[in-house]
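> quick one: sequence plus predicted model below, questions after.
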Amino acid sequence: MSPYTFLIAGCGSAGGSVAQVATQDGRGQITALVDPQPRQLEKQLEHYPAAITGADFAMLLKETQPDVVVIAGPDHLHADQTLLALEHNCHVLIEKPLATTVSDARRIVEATEACDRHVMTDHTMRYMHPWGPMARAAQAGQVGEIFFIQGDYIHDMWSYYAAEGSSHTPWRADQTSPQNILLGGGCHPIDLILWTIDSPVEEVFAYANKMTVPEFPSDDCYILSLQFASGALGKVFVTSGCSGHGMGGGMLAVYGSEGSLWQGQLHRRGEEPGTFDEEPSEIVGGHGWADAVVDFLDVLDGKISNPIPARFGAKTVAVCEAAFASIESGKPERPEKI
């Protein structure tokens, strides 16, 4: 079987990692690279010298007619690029978040479910140790009935926002369409929480501030309280403005009637903490991309069902939009149903 041809839209760390895994797996061939930054294209051309490159997504999509489009550029472009890719009969892997508004997320869901193409949301934290195993342990009932669940995204993003930063990415701090850190980073713990607990979010109460990153035109700190239909409560803390501190051990914590999951361990009263062994992978790809891309390729091959369809990715967007509404109104808000 010939490899799937890939167009990578956005050649930063996400797009580059997906390309690496797809080709290393052997089922992907990179035929087109799209990015407005010449240095990003040059970097990827070192690995894929036969690829056609450019800054015009629509033109390269029409010219190359790939089997797969990877949407890994600025968040606010995800919806329109995904819909255009579906119009060209392509399968789509969308780097989180699925979209930046519920309206756009709904457009993607409706278009996806009206065609025979696969669209997967690339929420990579599900594939990282220990968060994935912890979530599956909770799903299997190892902590009993969940009464509280929380997740944090704690990240020093100064090097991405500041012009002199080592990882400076201009679109993230663009004055007109900046990245929103709740959508762009907080989606990680929110997705883990929604995947772990089998209950919809009924209400979101949120606060935000902007006190630490002057180069960033959007809020850089959020706190969300969640109420689930089951009666469980949740909390999400998101910041891109902490100084010199990474994500640490707080991406997911689960507390149930029979045990707790915290920092990669299962705790039960009167027992020694249990740990989760990390399964080795022959495919290299950090930040969870290895197993996520392999799963996507397995979906295309018909080996597995889609683990993160567009409709699930849309749920995370709905929680974020309810949080924005709560910040404006000063009261709890209900996420839209999709």
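Noted; the coordinates are in hand.
> would you map the helices across the stretch 201-338 of the chain?
Along the stretch 201-338 of the chain, the segments classed as helices by DSSP state H, counting those that start in this stretch run 289-300, 310-329.
> mind listing what Asp35 touches?
Shown here is Asp35, whose contacts under the criterion Cβ atoms under 8 Å, 6 or more residues apart in numbering are 9-12, 15, 41, 44, 53, 55, 73. No exception for glycine: its C-beta is placed from N, CA and C like everyone else's.
> would you mind giving those residues as TSV with neighbour count added?
Compiled in TSV, the contacts of Asp35 are given as follows (neighbours: other Cβ atoms under 10 Å):
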residue	neighbour count
Ala9	27
Gly10	26
Cys11	27
Gly12	21
Gly15	25
Leu41	18
Gln44	21
Thr53	18
Ala55	12
Gly73	23
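> moving C-terminal of the lowest-mean-pLDDT helix or strand in the chain, what's the next helix or strand?
When each helix and strand of the chain is scored by mean pLDDT, DSSP states H and E, helix 158-161 comes last, with a mean of 67. Where DSSP states H and E defines the elements, the next helix or strand beyond helix 158-161 is helix 181-184.
> what packs against that following helix?
With contacts defined as 3 or more Cβ pairs under 8 Å, 6 or more residues apart in numbering; DSSP states H and E, the secondary structure elements packing on helix 181-184 are strand 233-239, helix 310-329.
> with only the CA atoms kept, save whichever helix or strand comes after that helix in PDB.
Once the chain leaves helix 181-184, the next helix or strand it forms, by DSSP H and E, is helix 187-196. The C-alpha trace of helix 187-196 is given here as PDB (Å, rounded to 0.1, in the frame of the first residue of the first chain):
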ATOM      1  CA  CYS A 187      -7.500  22.800  26.600                       C
ATOM      2  CA  HIS A 188      -5.000  20.100  27.700                       C
ATOM      3  CA  PRO A 189      -6.300  19.600  31.300                       C
ATOM      4  CA  ILE A 190      -9.900  20.400  30.200                       C
ATOM      5  CA  ASP A 191      -9.700  17.600  27.600                       C
ATOM      6  CA  LEU A 192      -8.200  15.200  30.100                       C
ATOM      7  CA  ILE A 193     -10.900  16.000  32.600                       C
ATOM      8  CA  LEU A 194     -13.800  15.600  30.100                       C
ATOM      9  CA  TRP A 195     -12.200  12.300  28.900                       C
ATOM     10  CA  THR A 196     -11.800  11.000  32.500                       C
END
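> fine, thanks again, bye for now.
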